[in-house]
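Novice: I'd like to go over a predicted model; first the sequence, then the structure.
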Amino acid sequence: MDNLNGKEAAFSIGNIVKAGLEHNKKPGDWYGPSTLIQICEQLNENYKPFSRLNIIAFPEGAIYTESVKEKMTSTSDSLLLLIGLRLGIDKINPEYFPTISNLMKLKYCVGINGGQGGGALYFMGVQGDRMVFMDPHVTQEAVRGVEDLWAEHLSYHYPTPLLLPLEKMNTSFAIGFYLQNKDEYEDLIEVLKNEKECFISIAEEKLNC
């Protein structure tokens with residue numbers, strides 16, 4: 001549905017490009033993971049395709065709990081938490097490999113938006129010291145409706161998942177967590193606090209310097 005705009009296709013390419021202009025991104029420019037997650041939050045606020053779903057982007061690797069409280073005002077609110085990270089300059093520090101693996105195995109994790117070299121990849125799982133990914137770059141005509149999407153979704157990517165060693169991942173990426181309610185959000189926070197060598201920090205609010 002990339003040729004549609006508005007609520008019917010809130011996260012279409014057209015809407016992403018339009019929102020990207022506010023982030024000094026021109027059509028055809030590279031969108032880094034941190035920029036993309038901020039645009040996802042913005043589009044969700046603009047169009048609200050799902051009434052109870054909140055999307056909050058933290059592009060600097062820190063979760064600010066007060067910002068979450070402001071959005072999750074009801075016990076039935078759900079949350080897609082998107083966190084932008086940079087773990088190194090040229091290569092990810094190997095000390096972080098176990099943490100990446102542990103976070104990917106959480107039931108709340110929806111994957112990583114990252115890449116290798118100059119290509120974007122969606123990492124959906126982990127197997128040992130390798131990331132499981134699906135290359136999203138098989139393009140074709142847009143489908144109409146959920147039934148057509150289900151029938152055609154296998155044609156959009158390789159029929160089997162691919163593997164990439166953790167050491168070859170780009171250092172910049174964004175990880176996502178879907179929380180169905182406040183209890184799951186609070187559970188995730190406790191898990192992150194107890195995770196050894198965790199690269200996601202947690203603070204009450206962002207300090208304005």
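Specialist: Now that the structure is in, tell me what you want to look at. Here the structure is a predicted model, which is why all the values come from computation and not from measurement.
Novice: could you find the closest non-adjacent residue to the spatially most central residue of the chain?
Specialist: In the chain, the residue lying closest to the centroid (C-alpha atoms, centre = their mean) is Gly176, at 4.1 Å. Nearest non-adjacent residue to Gly176, counting by C-beta to C-beta, 6 or more residues apart in numbering: Val110, 4.3 Å away. All C-beta spots, glycine's among them, are computed from the backbone N, C-alpha and C.
Novice: what's the helix or strand encompassing that neighbour in contact with?
Specialist: According to DSSP states H and E, Val110 maps onto strand 109-116. For strand 109-116, the external contacting residues (C-beta atoms under 8 Å, 6 or more residues apart in numbering) are 33, 36-37, 80, 100, 103-104, 120-125, 131, 164, 168-170, 172-178.
Novice: tell me the strands beside the host helix or strand of Gly176, with direction?
Specialist: Under the criterion of DSSP H and E, Gly176 resides in strand 172-179. In the sheet, strand 172-179 lines up against strand 78-86 (antiparallel), strand 109-116 (antiparallel) (DSSP bridges).
Novice: show me where pLDDT drops low in the protein?
Specialist: In the prediction, the chain carries residues with pLDDT under 70 at positions 1-7, 136-140, 142-143, 145-146, 149-150, 153-154, 156-158, 208-209.
Novice: in the protein, which spans are strands?
Specialist: Along the chain, the segments classed as strands by DSSP state E run 53-58, 62-64, 78-86, 109-116, 119-127, 130-134, 162-165, 172-179, 201-203.
Novice: I'd like these laid out as CSV, including distance to Tyr185.
Specialist: Shown next, in CSV, are the strands of the chain (distance: least, C-beta to C-beta, whole Å):
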stretch, distance to Tyr185
strand 53-58, 10
strand 62-64, 10
strand 78-86, 6
strand 109-116, 13
strand 119-127, 22
strand 130-134, 25
strand 162-165, 30
strand 172-179, 4
strand 201-203, 12
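Novice: nearest to Ala9, of those?
Specialist: Of all these, it is strand 53-58 that lies closest to Ala9, at 15.6 Å by C-beta to C-beta.
Novice: which strands or helices does the longest helix along the chain pack on?
Specialist: In terms of residue count, the longest helix belonging to the chain (DSSP state H) is helix 33-47. Other elements packing on helix 33-47 under the criterion 3 or more C-beta pairs under 8 Å, 6 or more residues apart in numbering; DSSP states H and E are helix 13-20, strand 53-58, strand 78-86, strand 109-116, strand 172-179.
Novice: could you dump those into a markdown table with distance to Glu95 added?
Specialist: A markdown table is the format used below for the helices and strands packed on helix 33-47 (distance: least, C-beta to C-beta, whole Å):
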| stretch | distance to Glu95 |
| --- | --- |
| helix 13-20 | 34 |
| strand 53-58 | 22 |
| strand 78-86 | 14 |
| strand 109-116 | 18 |
| strand 172-179 | 16 |
